[in-house]
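Q: Output the structure for:
(chains A, B and C)
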Amino acid sequence: MSADARLLEVLNKLGITLPPAPKPAGVYKPLVVIGNLAYLSGHGPLKADGTLMTGRVGDEIDQQAGYDAARQTGLALLSTTKATLGSLDRVRRVIKTLGMVNAAPDFKNHPAVINGCSELFAEVFGPDHGVGARSAVGMGSLPGNISVEIEVIFEIEP
Amino acid sequence: MSADARLLEVLNKLGITLPPAPKPAGVYKPLVVIGNLAYLSGHGPLKADGTLMTGRVGDEIDQQAGYDAARQTGLALLSTTKATLGSLDRVRRVIKTLGMVNAAPDFKNHPAVINGCSELFAEVFGPDHGVGARSAVGMGSLPGNISVEIEVIFEIEP
Amino acid sequence: MSADARLLEVLNKLGITLPPAPKPAGVYKPLVVIGNLAYLSGHGPLKADGTLMTGRVGDEIDQQAGYDAARQTGLALLSTTKATLGSLDRVRRVIKTLGMVNAAPDFKNHPAVINGCSELFAEVFGPDHGVGARSAVGMGSLPGNISVEIEVIFEIEP
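A: As a prediction, this is how the structure comes out:
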C-alpha cells in the first residue's frame, strides 16, 4: 500500500481530515529540496480548521494532550510534504527529526510526547523507513505558545 | 549584482560596518564544508566593536531589539562565510536556518524576531535563493545571555 | 593510531569503561546513515552502569559537573557509533554538533559545558577531523532531567 493510502487510513481511523499545508509565519519556505533530501521547516500542531493547539505541556496541558499535538504536527508536516512534492510516495524514509516540546521546567517525558509524530510517520512510511534519528527536548517558549514544534529531514526520490 | 555588493549596500543603508568573523568560543569551527553544503556554527549578535547584544527578548529587551539582534547575528554569519569561503558569491542559496531566541517564557513572536536574519539573507542572496527552510524557537538560556543564536546550512559552489 | 585505540587510551586515563550503546527511549533509531553522513539521535550522559547523569546546570549541579556530563554524553555517542558502524575508524570527521544544556535561566557558560564532548571528539578523532561546527545552547527542560543532550552529524566511510 502506498504512503498516501496509509495516510488516508490513519485519518479515517482518527475521524479527522488532513490540515491545510501551513503558510509560512515568517520569511522562510515550508520545505526545501537539495539532492535527495527534503528539509522541512519547524511546523506546529495545525488543525484542519486552521487553528493551532496551544499550551505548555506538564502545566497548561497534560502529556496525552502533548502527544496529540505532536501527532497533529506530524500531520501538518505531511500536508506540506504532499502539497510540495505532489505525493507522500516520493518520501523514501525519515532521516532526522527534531522534536521541540513547549514544556514546564520540571517536565520529563519529552520522548513520549514526540512519539505522537514518530508513530504517525511509522504508520505512514512503515516501521523501518518511517523511523529515523531523533532528538526530543524541552524549549523555554514556542511561537504563539504552541505545544510542540517539529522539523524533519526526509530522504526523497529526487 | 553580486551578493558581496548587495551586502555592502545593506551595510551602507544601515550605516554600519560588517562585524569581524567571530573567533570560536569553544572547541568548534565556525564553518565546515562538506560537498556543496556549508554548516555554520551557532552565531551570536556580534557587533563591529567586538561586543555582543545581550538580554532576554520580551523581558530585558523588546521584540524590535530582538529583531535587530537577529539581523546582527545574520551579519556575523555572513562575516564568517566571507572570511572562510572568500566571497559570498560562492553561496548558492539558504537551505536551513535554526533561529534560537533567548526569550521570556511567555514570549510568542519568535518568527518576527528571526525575520531580522532572514530578511537580511533575502536582501543579500535574493528573494528566492535567500529564503530557506527555518525553525524559530525559544531557548531557556543562551551563552553570555546573548539575545539570539542562529545556525544555518548554505548550499555553496563546492 | 586508530580512533578505536585512542578511545581506549581516553577510557584508561579516566579509569572508566565505555557505556553500553543506549536503547532508544522512543520511536527512533540511534543512528541513521545516508551516503557519507551519519545522523546520530540526541544522546544523554549514560554511564557504564546504565544510569544517567541528571540535574540542571548552574542550579542543581555546577559547571564542572555539566562538563563531565557532556563528556559522558560524548562517550554514549561513540558507543552507539561503534556498535552501529563496527568501528570508530569509519568516522572521517565531525561535521556538526548540537549541544543542548539543561541550564538554569541565568546560566551563561554553555560552550564550556559542551566542550566536555567536543574535547573528547578532538582526542579521539584528532584536532582537525575531530572538531566540527557546533551550537551550544540552553534548554528549558530535558528528558528525565538529564544534564545534557547532544546530537551530532559525522562524515563516515560509506
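Q: Mind listing what's buried along the longest helix anywhere in chain A?
A: For chain A, the longest helix by residue count, based on DSSP state H, is helix A:63-85. Neighbour-count burial for helix A:63-85, counted by 16 or more other C-beta atoms under 10 Å in any protein chain shown, picks out A:63, A:65-82, A:84-85. C-betas here are computed from N, CA, C, even on glycine.
Q: Next, the residue located most distally from the centre of chain A: secondary structure please.
A: In terms of distance from the mean C-alpha position of chain A, residue A:106 ranks first, at 23.8 Å (C-alpha atoms, centre = their mean). Following DSSP: H, G, I helix; E, B strand; the rest coil, we place residue A:106 in the coil state.
Q: Show me which residues of chain A are close to chain C?
A: Proximity of chain A to chain C (C-beta under 8 Å from any C-beta of the partner chain) is limited to residues A:36-37, A:95-98, A:101, A:103-112, A:114-115, A:118-119, A:122, A:131-141, A:153, A:155.
Q: Buried among those residues? Make that a PyMOL selection.
A: In PyMOL, this line selects whichever of the residues of chain A next to chain C come out buried by 16+ other C-beta under 10 Å:
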select buried, chain A and resi 37+95+96+97+98+101+103+104+105+107+108+109+110+111+112+114+115+118+119+122+131+132+133+134+135+136+137+138+139+140+141+153+155
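Q: Among the residues of chain A next to chain C, which ones are in strands?
A: Counting by DSSP state E, the residues of chain A next to chain C place A:37, A:95-98, A:101, A:133-139, A:153, A:155 in strands.
Q: Quick check: residues of chain A near chain B?
A: A:25-32, A:34, A:39-42, A:98, A:100, A:105, A:138-145, A:149, A:151.
Q: List only those of those residues flagged as buried.
A: By 16+ other C-beta under 10 Å, the residues of chain A next to chain B give A:25-32, A:34, A:39-42, A:98, A:100, A:105, A:138-143, A:145, A:149, A:151 as buried.
Q: any idea how far the most centrally placed residue in chain A lies from residue A:121?
A: Closest to where the C-alpha atoms of chain A average out (C-alpha atoms, centre = their mean) is residue A:74, at 2.3 Å. To residue A:121, residue A:74 is 6 Å away according to C-beta to C-beta, to the nearest Å.
Q: if we can go back for a sec, quick check, nearest of the ones in strands among the residues of chain A next to chain C to chain B?
A: residue A:139 (5.3 Å; C-beta to the nearest C-beta).
Q: how about the nearest residue to that closest one, chain neighbours excluded?
A: residue A:100 (4.9 Å; C-beta to C-beta, 6 or more residues apart in numbering or on different chains).
Q: Test my guess that that neighbour contacts residue A:141.
A: No - in this structure residue A:100 lies outside contact range of residue A:141 using C-beta atoms under 8 Å: 10.4 Å.
Q: Common neighbours of these two, please.
A: Each of residue B:137 lies in contact with both residue A:100 and residue A:141 under the rule C-beta atoms under 8 Å, 6 or more residues apart in numbering or on different chains.
Q: so what's the residue nearest to residue A:139 bridging to?
A: Counting by DSSP bridges, residue A:100 forms beta bridges with residue A:137, residue A:149.
Q: Contacts only, for it.
A: Going by C-beta under 8 Å, 6+ apart, residue A:100 touches A:42, A:137-139, A:142, A:148-150, B:135, B:137.
Q: can you do 6 Å?
A: Residues near residue A:100 by C-beta atoms under 6 Å, 6 or more residues apart in numbering or on different chains: A:139, A:149, B:137.
Q: which one of those residues sits closest to chain C?
A: Nearest member of the contacts of residue A:100 to chain C, counting by C-beta to the nearest C-beta, is residue A:139, at 5.4 Å.
Q: ok, now how distant is the closest one from residue C:108?
A: 19 Å.
Q: list the buried ones in stretch A:15-28?
A: Neighbour counts over stretch A:15-28 (16+ other C-beta under 10 Å) mark A:18-19, A:21-22, A:25-28 as buried.
Q: want to throw those residues into CSV with distance to residue A:53 and pLDDT?
A: Output for these, formatted as CSV (distance: C-beta to C-beta, whole Å; pLDDT from 0 to 100):
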residue, distance to residue A:53, pLDDT
A:18, 15, 97
A:19, 11, 97
A:21, 17, 97
A:22, 13, 95
A:25, 15, 87
A:26, 20, 90
A:27, 24, 95
A:28, 21, 97
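Q: Can you name the two of those residues that sit furthest apart?
A: A:18 and A:27 (25.7 Å; C-beta to C-beta).
Q: for the nearest residue in space to residue A:30 that is not next to it in sequence, what are its contacts?
A: The shortest distance from residue A:30 to any non-neighbouring residue, by C-beta to C-beta, 6+ apart, is to residue A:80 (4.5 Å). For residue A:80, the contact set (C-beta under 6 Å, 6+ apart) comprises A:21, A:30-31.
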